[in-house]
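*Asks:* 3D model of this:
(chains A and B)
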2 protein chains.
Amino acid sequence: MFDVKKMIEEITSKKEIKNISFTGVGGSLACFYAPYYYVMREGKNVTTSYTSSNEFVHDTPSCVGENSIVVISSRGGNTAETVEAGRVAKKLGATVIGMTHEEGENGITEVSDYVVLFKDLSEAPYEESKTGYILKIAIETLHQVEGTGKYELMNEAIEKMNTLIPAAEKAIIPEAIKFSINYKDDNIIYTMGSGTAWSAAQQQQICILMEMQWINSSVIHTGEFFHGPFEITDPDTAFLLLKSTGKTKPLDERAINFLSQYNHHFTVIDAEKYGMNDLGEVSEYFDYDFHTAMLGVFNKLLADMRDHPLSKRKYMWKYKY
Amino acid sequence: MFDVKKMIEEITSKKEIKNISFTGVGGSLACFYAPYYYVMREGKNVTTSYTSSNEFVHDTPSCVGENSIVVISSRGGNTAETVEAGRVAKKLGATVIGMTHEEGENGITEVSDYVVLFKDLSEAPYEESKTGYILKIAIETLHQVEGTGKYELMNEAIEKMNTLIPAAEKAIIPEAIKFSINYKDDNIIYTMGSGTAWSAAQQQQICILMEMQWINSSVIHTGEFFHGPFEITDPDTAFLLLKSTGKTKPLDERAINFLSQYNHHFTVIDAEKYGMNDLGEVSEYFDYDFHTAMLGVFNKLLADMRDHPLSKRKYMWKYKY
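*Replies:* Numbers count the residues shown, from 1 in each chain, chains lettered A, B, ... in the order given. Now for the predicted structure:
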């Protein structure tokens, strides 16, 4: 397992860290929302930013500089804008940590000061997954730089996630089957969430429903629902709500209460039913990971039911765009 | 006209300001994205946050405290979550600036240290509008606290916007008529943008299309388009792209180039055609305002064409939800 603690010790021994920034695209951007959200809530003086790679390249946040750690991620290692973002960060004097699944030389290894090889949840426990590592990077940074970030609780939670996730992946199968039957013919599905679960809902929208299933989709923040989006609700509008376990749970509950009155085509994935409360007060920072793992089960079954493989594309990888 | 300069002088003479945070809901959140984006790009040590009111209430960003200015906004003055956000900010020791359109006592005036009454663009020039004032608050804060933020250029740009907006509102009518004819029967419309224009696209999605027209909608960041969402594209998928004038323009152009090849139902509102380049290098911070004003013209015509008044609601204001 990669030693994140040692890496951050080495970085902080060489220079003062005032900022930790995250940049990537698609699922490799969404994965950064939880650590970004964590630093925004737990950091005292350490600042953070969360930016799509090409916006980072062309219009870099001013907090990025020589006192920054910039974390980039590309599963295959060669996403052009993300590699370029790493190059821009390095030019500004930042220390670049590159996350990739692929061993050997690639764009990520070329521009990164440190390379973290992650595994998929099907290959290794949570703590060696992409988001397990990224959270550890954020945890060690806050802890070592300024002693904030609920260090013990966060590390205990990571350990609990190692067993919680595979157990929940099995237990949730009946819910996922039901979803695949009830949503297979929908032409548009609204995903919803708050806190770090918002990001799992956004990833489900763009990477799964739109990209891999060609189903129209839109993410709604449950806090914003009543200030516009809820007017779209009809009895059969399709909703998928990823319920949070932390402080933003009341936002989700208000939306669920409304949907219970005016809609009969909504599904709630409730993380509390699968033991997320065991993580204690830091559980909200793991809601993205929980929901992303559960949706992995949902998406395989939905793809089967629709005879539309998750690997099918119209444009992607087929030519240079 | 409200004296923003004097207000910020008074605030900064009383305490050290390290943070300016923004919170609201719907269009009263979207309006804050441009000043947030501006501080994220131009600030040196001043930090910022941008949060939906109820998330702010339940899970407040840790940068908010006694060294903060927190700007809240509610057109009518009584949006419950936003008033509560002001209360939370005040309890944390922040100085609260409340924006509202309505004179007299209301929730905003109750929780705010300073109240800025703004006008609609139909009532007064840009500099007295909601976003004109909010940008001025951000400009004065960066300038007075740390001498950053391109002070002269930004103030010149505000003055130029006073005349640019009404001229463009007239000149764009033919484009808006064409849009109302071509999109009147669409069941789903994707809005797109980057930089501060992203926020105008997001506001168009949730406040106009979903809320006021009951048309399904989803916003796509042009930087993320090629990492998932573009797979939804068919020849007749409906897109509305709000083109930026600043550093993120290449992101938009890449999306336009793709749509030109595979789609024949996309509309681009091009701010450069209406003189936004006259604002110089700071024009990107005004793209939200330009596009929001232009969409005001588009939306009236679309509502007419669809026989669906912008004031029509299923749920909003009809009961307590």
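*Asks:* near chain B, which residues of the stretch 201-321 of chain A?
*Replies:* With C-beta under 8 Å from any C-beta of the partner chain as the criterion, the stretch 201-321 of chain A meets chain B at residues A:205-207, A:210-212, A:214, A:216-221, A:223-224, A:226-233, A:246-248, A:250-251, A:254, A:258, A:262, A:284, A:313-316, A:321. For the C-beta atoms, the positions are set from N, CA and C on the backbone; glycine is no exception.
*Asks:* rerun at 7 Å
*Replies:* A:206-207, A:210-211, A:214, A:216-218, A:221, A:223-224, A:226-232, A:247-248, A:250-251, A:258, A:313-316, A:321 (C-beta under 7 Å from any C-beta of the partner chain).
*Asks:* are any of those residues buried, and which?
*Replies:* The neighbour count (16 or more other C-beta atoms under 10 Å in any protein chain shown) marks A:206-207, A:210-211, A:214, A:216-218, A:221, A:223-224, A:226-232, A:247-248, A:251, A:258 as buried among those.
*Asks:* Tell me where the stretch 151-300 of chain A has helices.
*Replies:* A:151-171, A:173-182, A:197-203, A:213, A:249-262, A:287-305 (DSSP state H, counting those that start in this stretch).
*Asks:* Dump those helices into JSON lines; add mean pLDDT as well.
*Replies:* Below are these laid out as JSON lines (pLDDT from 0 to 100):
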{"stretch": "helix A:151-171", "mean pLDDT": "98"}
{"stretch": "helix A:173-182", "mean pLDDT": "98"}
{"stretch": "helix A:197-203", "mean pLDDT": "98"}
{"stretch": "helix A:213", "mean pLDDT": "98"}
{"stretch": "helix A:249-262", "mean pLDDT": "98"}
{"stretch": "helix A:287-305", "mean pLDDT": "98"}
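*Asks:* Contacts only, for A:T233.
*Replies:* A:262-263 (C-beta atoms under 7 Å, 6 or more residues apart in numbering or on different chains).
*Asks:* The residue nearest to A:D287 when sequence neighbours are not counted and chain B, how far apart?
*Replies:* Nearest non-adjacent residue to A:D287, counting by C-beta to C-beta, 6 or more residues apart in numbering or on different chains: A:A197, 4.2 Å away. From A:A197 over to chain B the distance is 12 Å, taken as C-beta to the nearest C-beta, to the nearest Å.
*Asks:* Against B:Q213, how distant is A:A197?
*Replies:* Remark: distance between A:A197 and B:Q213 (C-beta to C-beta, to the nearest Å) = 28 Å.
*Asks:* More neighbours: which of those two?
*Replies:* A:A197 (33 against 23; other C-beta atoms under 10 Å in any protein chain shown).
*Asks:* can I assume the more buried one is in contact with A:K247?
*Replies:* No. With contact taken as C-beta atoms under 7 Å, A:A197 and A:K247 are classed as non-touching, separated by 11.8 Å.
*Asks:* Do a quick rundown of the strands in the stretch 1-150 of chain A.
*Replies:* A:19-24, A:47-52, A:68-73, A:95-100, A:114-117 (DSSP state E, counting those that start in this stretch).
*Asks:* Let me know which of these is the nearest to B:T12.
*Replies:* strand A:47-52 (20.4 Å; C-beta to C-beta).
*Asks:* related to what we said a few turns ago, out of the buried ones among the residues of the stretch 201-321 of chain A next to chain B, which are inside strands?
*Replies:* A:216-218, A:221 (DSSP state E).
*Asks:* With pLDDT as extra columns, can I get those residues in TSV?
*Replies:* TSV is the format used below for these (pLDDT from 0 to 100):
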residue	pLDDT
A:N216	98
A:S217	98
A:S218	98
A:H221	98
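*Asks:* pLDDT wise, what is A:F225 at?
*Replies:* A:F225 carries a pLDDT value of 98.
*Asks:* In contact with the closest residue to it other than its chain neighbours, which residues?
*Replies:* Once flanking residues are discounted, A:F225 sits nearest to A:A255: 4.9 Å by C-beta to C-beta, 6+ apart. Contact analysis of A:A255 by C-beta under 7 Å, 6+ apart lists A:192, A:222, A:225, A:241.
*Asks:* quick one: which of the ones in strands among the buried ones among the residues of the stretch 201-321 of chain A next to chain B is nearest chain B?
*Replies:* If you rank those by distance to chain B using C-beta to the nearest C-beta, A:S218 comes first, at 3.4 Å.
*Asks:* so that closest one touches B:S218, yeah?
*Replies:* Yes. Counting by C-beta under 7 Å, A:S218 does reach B:S218; the two are 3.4 Å apart.
*Asks:* So what's the residue count around A:V268?
*Replies:* A:V268: 18 neighbours (other C-beta under 10 Å).
*Asks:* What's the separation between it and A:L259?
*Replies:* For A:V268, the distance to A:L259 - C-beta to C-beta - is 9 Å.
*Asks:* Likewise for A:Y190?
*Replies:* 10 Å.
*Asks:* Pick out whichever of these two has more residues nearby.
*Replies:* Remark: of A:Y190 and A:L259, A:Y190 carries more neighbours, 26 against 21, as counted by other C-beta under 10 Å.
*Asks:* Not counting its neighbours along the chain, what's nearest that one?
*Replies:* A:F239 (4.9 Å).
*Asks:* same thing with A:G24?
*Replies:* Nearest one to A:G24, counting by C-beta to C-beta, 6+ apart, is A:S73 at 4.6 Å.
*Asks:* where does the one you found land on pLDDT?
*Replies:* For A:S73, the model assigns a pLDDT of 98.
*Asks:* what's the answer for A:Y319, then?
*Replies:* pLDDT, read off for A:Y319, is 85.
*Asks:* And for it, the neighbour number?
*Replies:* 6.
*Asks:* Repeat that for A:I173.
*Replies:* The burial count for A:I173: 12, using other C-beta under 10 Å.
*Asks:* Could you verify my assumption that it touches A:V297?
*Replies:* Yes. The pair formed by A:I173 and A:V297 meets the contact definition of C-beta under 7 Å, at 6.3 Å.
*Asks:* So for whichever residue of the stretch 1-150 of chain A sits closest to chain B, what's the nearest residue that isn't a sequence neighbour?
*Replies:* Going by C-beta to the nearest C-beta, chain B is nearest to A:G26 of the stretch 1-150 of chain A, at 3.3 Å. Nearest in space to A:G26, with sequence neighbours left out and distances taken as C-beta to C-beta, 6+ apart, is B:H227 at 3.3 Å.
*Asks:* got it, and A:Y285?
*Replies:* A:Y38 (4.8 Å).
*Asks:* who in the stretch 51-200 of chain A is up against chain B?
*Replies:* Residues of the stretch 51-200 of chain A lying near chain B (C-beta under 7 Å from any C-beta): A:52-55, A:58-59, A:61-62, A:188, A:194-195.
*Asks:* export these to TSV and tack on neighbour count and pLDDT?
*Replies:* Listed next are these as TSV, based on neighbours: other C-beta atoms under 10 Å in any protein chain shown; pLDDT from 0 to 100:
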residue	neighbour count	pLDDT
A:S52	25	98
A:S53	28	98
A:N54	27	97
A:E55	25	97
A:H58	21	98
A:D59	22	98
A:P61	22	98
A:S62	18	98
A:I188	17	98
A:S194	32	98
A:G195	32	98
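*Asks:* In CSV: these, plus distance to A:A80.
*Replies:* As requested, these are exported to CSV (distance: C-beta to C-beta, whole Å):
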residue, distance to A:A80
A:S52, 13
A:S53, 9
A:N54, 9
A:E55, 14
A:H58, 13
A:D59, 17
A:P61, 20
A:S62, 24
A:I188, 31
A:S194, 33
A:G195, 31
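*Asks:* Now for the residues you listed: which two are most distant?
*Replies:* A:S62 and A:I188 (38.2 Å).
*Asks:* quick revisit: out of the strands of the stretch 1-150 of chain A, nearest to B:G86?
*Replies:* Short answer: strand A:47-52, nearest of the strands of the stretch 1-150 of chain A by C-beta to C-beta, at 23.8 Å.
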